[in-house]
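Participant: the sequence and its predicted three-dimensional model are supplied below.
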Amino acid sequence: MKTRSFLMCSLLVVGCGGEDENLPDARVGGLDAAAVDAALPDATPTIDAVMVDATVSSVIVTPNCTGIDNGQIAVNLSTGGLSFDITAPNLVVGEILRFSTTGMHNFASDATVAPANAWKSGPVGSHTACLQFTAAGTFGFRCDQHASMTGTLTVSN
């Protein structure tokens, strides 16, 4: 058994040595690691540090509004029939909108909203969600199930 273990370890060590000019060099995502270090002198170089699109969403969605008190809600938005009860809600950055529906609806950003600001309250169907908007702007919204259900949300500083 000792001989077999020694042979296995020897093969592993031999297999790791040497250079092969056909193998890729030490680059991450096509970037030279030294260039990344120079560009990010204050950061510890990691795979995360060289991601091309590391945009964090500007909308925080909390299913069922778990942990959010009623006093924190700035706007309540719901559905009635085939429409939103408010089609032009206004918020200030950091405020929370509570969306609730008992029908086959949801509250989602439309195609005009940049991916960094996109949101969805949840899947189409009865649910409640709280959404906190952390970036100012004017954002179109819709119900994914019903094309006629649209509106415009304005978030100001």
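Facilitator: Perfect, thanks for sending it.
Participant: quick one: the helices in the protein?
Facilitator: Listed in chain order, the helices found in the chain under DSSP state H are 2-16, 33-39.
Participant: endpoints of stretch 131-150, how far apart?
Facilitator: 17 Å (CA to CA, to the nearest Å).
Participant: any weak-confidence spans in this structure?
Facilitator: Along the chain, the model assigns pLDDT under 70 to residues 1-56.
Participant: would you map the strands across this structure?
Facilitator: 27-28, 31-32, 59-63, 73-80, 83-84, 90-92, 96-101, 108-109, 127-133, 137-142, 150-156 (DSSP state E).
Participant: possible to save those as TSV with distance to Ser121 and mean neighbour count?
Facilitator: In short, each C-beta sits where N, CA and C put it, glycine included. Shown next, in TSV, are the strands of the chain (distance: least, CB to CB, whole Å; neighbours: other CB atoms under 10 Å):
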stretch	distance to Ser121	mean neighbour count
strand 27-28	36	14
strand 31-32	37	12
strand 59-63	7	15
strand 73-80	9	16
strand 83-84	11	18
strand 90-92	15	15
strand 96-101	5	22
strand 108-109	7	19
strand 127-133	4	20
strand 137-142	9	18
strand 150-156	12	17
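Participant: nearest to Lys120, of these?
Facilitator: With CB to CB, the closest approach to Lys120 among the strands of the chain belongs to strand 108-109: 4.2 Å.
Participant: which residues touch that closest one?
Facilitator: For strand 108-109, contacts defined as CB atoms under 8 Å, 6 or more residues apart in numbering pick out Val59, Asn117, Ala118, Trp119, Lys120, Ser121, Phe139, Gly140, Phe141, Arg142, Cys143, Asp144.
Participant: just flag the most distant two among these.
Facilitator: Every pair of these checked by CB to CB; the farthest is Asn117 and Cys143, at 18.2 Å.
Participant: pretty sure His105 is touching Ser78, no?
Facilitator: No: assessed by CB atoms under 8 Å, His105 is found out of contact with Ser78, at 9.0 Å.
Participant: okay, and the common contacts of these two?
Facilitator: What both His105 and Ser78 touch, as defined by CB under 8 Å, 6+ apart, is an empty set.
Participant: could you chop the chain up by domain?
Facilitator: Domain segmentation of the chain under automatic domain parsing yields 23-54, 59-156.
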